[in-house]
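Participant: The amino acid sequence is not available; the structure is as follows:
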């Protein structure tokens, strides 16, 4: 039945992509802009990435402001 086939293709797709080395490579190839960083854990958790975030308020205040959590306004 159609129901049986829909489950079958999901299981087969999971088997195809459930390979950590392929997933890690895909994330390492995801790059944007001119930064040396990518979406891999190694890149995002690097000391260099931490320093970029640390310096962001001075290097790009607009970006820093845009990623800050919004403060709830206190009722008067």
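Facilitator: Structure's in. What do you need? Predicted model only: the values in this text are computed from it and were never measured. Numbers count the residues shown, from 1 in each chain.

Participant: Find the helix or strand that residue 49 is a member of.
Facilitator: helix 47-59 (DSSP states H and E).

Participant: what pLDDT, on average, does that helix get?
Facilitator: Average pLDDT, helix 47-59: 95.

Participant: Determine the set of other helices and strands touching that helix.
Facilitator: With contacts defined as 3 or more CB pairs under 8 Å, 6 or more residues apart in numbering; DSSP states H and E, helix 47-59 has these neighbours: helix 61-67. Just so you know, the C-beta spots here come from the backbone N, C-alpha and C atoms, and that holds for glycine as well.

Participant: So which elements touch the helix it packs on?
Facilitator: In terms of contacts (3+ CB pairs under 8 Å, 6+ apart), helix 61-67 is packed against helix 47-59.

Participant: Buried residues, the helix it packs on. List them.
Facilitator: Buried residues in helix 47-59, counted by 16 or more other CB atoms under 10 Å: none are found.

Participant: Can you name the residues in contact with that helix?
Facilitator: Helix 47-59 is contacted from outside by 35-37, 43, 63-64, using CB atoms under 8 Å, 6 or more residues apart in numbering.

Participant: Over to stretch 26-36?
Facilitator: Contacts for stretch 26-36 (CB under 8 Å, 6+ apart): 37-43, 48, 52.

Participant: at 7 Å what do you get?
Facilitator: For stretch 26-36, contacts defined as CB atoms under 7 Å, 6 or more residues apart in numbering pick out 38-40.

Participant: Tell me which helix or strand in the protein has the weakest average pLDDT.
Facilitator: helix 2-17 (a mean of 80; mean pLDDT, DSSP states H and E).

Participant: which element follows that helix toward the C-terminus?
Facilitator: Elements were assigned by DSSP H and E; along the chain past helix 2-17, the next helix or strand is helix 20-29.

Participant: Taking their axis directions, that following helix and helix 2-17 sit at what angle?
Facilitator: Here helix 20-29 runs at an angle of 70 degrees relative to helix 2-17 (axes from the mean of the first three to the mean of the last three CA atoms, to 10 degrees).

Participant: Report the buried residues of helix 20-29.
Facilitator: By neighbour count on 16+ other CB under 10 Å, the buried set for helix 20-29 is empty.
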